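Colleague: Sequence plus the predicted model coming up.
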Amino acid sequence: MADLAETGIKTEVKTSRSIAASVFYGATRQATAAIIVPALGLLFWEVSVAAGWFSGRLMPPPSRVLATLWTLLKSGELFNHIGITTARVFFGFVLGTVTATIAGAVTGYFGLARRLIDPSLQALRSIPSIAWVPLFILWFGIFEASKVALIAVGVFFPVYLGVSGAILSVDRKIVEVGRIFRLSGFTLVRRVMMPAVFPAYVIALRSGLGLGWMFVVAAEFMGASEGLGYLLVDGQQLGKPDQIMAAIITFAIIGKVTDSLLMAAAAPFLTWQDSYRREG
């Protein structure tokens, strides 16, 4: 009996190590594949400027951009700008997500609300982001409230469309099966509707987060003295293309990091999915 128990323990340890190694290998392989294209692009960019194919004055090479990033990093200025911009996106994302989720759930679940509210929201969705800027400045001033409100508008519409569309696309048969098991009201929503809607909801959140990072640039054009958008404006006014490119690259990195964090937070709630994923 003792030998069997010891053998079982050794087998479990080997299995755990094998799973851990497989996960580590998969993560390493994915990270390596993700870096290849940006690395090749940066290399081509550096070589092109060095060979004179592009003007280094207007299109500074990655080496100069990295030097600018390092200077901003050493002075602490970069962390300050990143922190302020991230805080604006966070509050705008939360505000836009909460309001969009409620509005999307109402218009998706109730036909009367959809007929009354959805046409107006679809019309507002067509308004360019810059068109909101003068109105928000009049309403909220040039301080943080107007910036957060503009970001929230950018986040609102993709999340709203995702929630409303996901509810409308839930298979009627699934709902009928839930009713056969005498599920109704909140229980039906929690046990049937929410699992069916959640994958599309995560995609909508990712779209909203991406637009939040786009809208923060327009928001920080509204009299901001700090933030990555301010770095863009300052670089344009002072003729510093390396600073502009440094801010753009920082936007790309932080946007990718926050998107990955959102996917990681949602992953435990999607373990039930048996979806198709082709490994290359």
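Modeller: Cool, got the structure. Numbering: from 1, shown residues only.
Colleague: drop to CA atoms for contacts and neighbour counts, all remaining ones
Modeller: Will do.
Colleague: show me the contacts for L73.
Modeller: F79 (CA atoms under 8 Å, 6 or more residues apart in numbering).
Colleague: Let me know the helix or strand that it is in.
Modeller: helix 62-75 (DSSP states H and E).
Colleague: Now do the helices in the stretch 1-150 of the chain.
Modeller: Along the stretch 1-150 of the chain, counting by DSSP state H, counting those that start in this stretch, helices occupy 2-50, 62-75, 77-109, 111-125, 129-140, 144-168.
Colleague: so how far is the third one from its chain's centroid?
Modeller: Meaning helix 77-109. A distance of 10 Å separates the C-alpha centroid of helix 77-109 from that of its chain, computed with CA atoms, centre = their mean, to the nearest Å.
Colleague: just the angle between it and helix 111-125, please?
Modeller: 140 degrees (axes from the mean of the first three to the mean of the last three CA atoms, to 10 degrees).
Colleague: could you give the angle of helix 77-109 to helix 144-168?
Modeller: 40 degrees.
Colleague: ditto for the shortest one
Modeller: Regarding helix 129-140 and helix 144-168, their directions subtend 130 degrees when assessed with the same axes, to 10 degrees.
Colleague: cool, and the fourth one?
Modeller: Angle of helix 111-125 versus helix 144-168, following the same axes, to 10 degrees, is 130 degrees.
Colleague: Point out the other elements, helices or strands, that helix 111-125 touches.
Modeller: Applying 3 or more CA pairs under 8 Å, 6 or more residues apart in numbering; DSSP states H and E, we find helix 111-125 packed against helix 77-109.
Colleague: If we use 10 Å, what do you get?
Modeller: helix 77-109, helix 144-168 (3 or more CA pairs under 10 Å, 6 or more residues apart in numbering; DSSP states H and E).
Colleague: who touches that helix?
Modeller: 103-108, 153-154, 156-158, 160-161, 164, 168 (CA atoms under 10 Å, 6 or more residues apart in numbering).
Colleague: let's go with 8 Å and repeat that
Modeller: V106, T107, G108, F157.
Colleague: I'd like these as TSV, with neighbour count and distance to P119 appended.
Modeller: Formatted as TSV, the contacts of helix 111-125 follow (neighbours: other CA atoms under 10 Å; distance: CA to CA, whole Å):
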residue	neighbour count	distance to P119
V106	19	14
T107	23	11
G108	23	13
F157	26	13
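Colleague: what does the domain assignment say about this structure?
Modeller: 1-54, 62-273 (automatic domain parsing).
Colleague: Report the rounded mean pLDDT for the host helix or strand of I253.
Modeller: Element membership of I253 [criterion: DSSP H and E] is helix 241-266. Helix 241-266 shows a mean pLDDT of 91.
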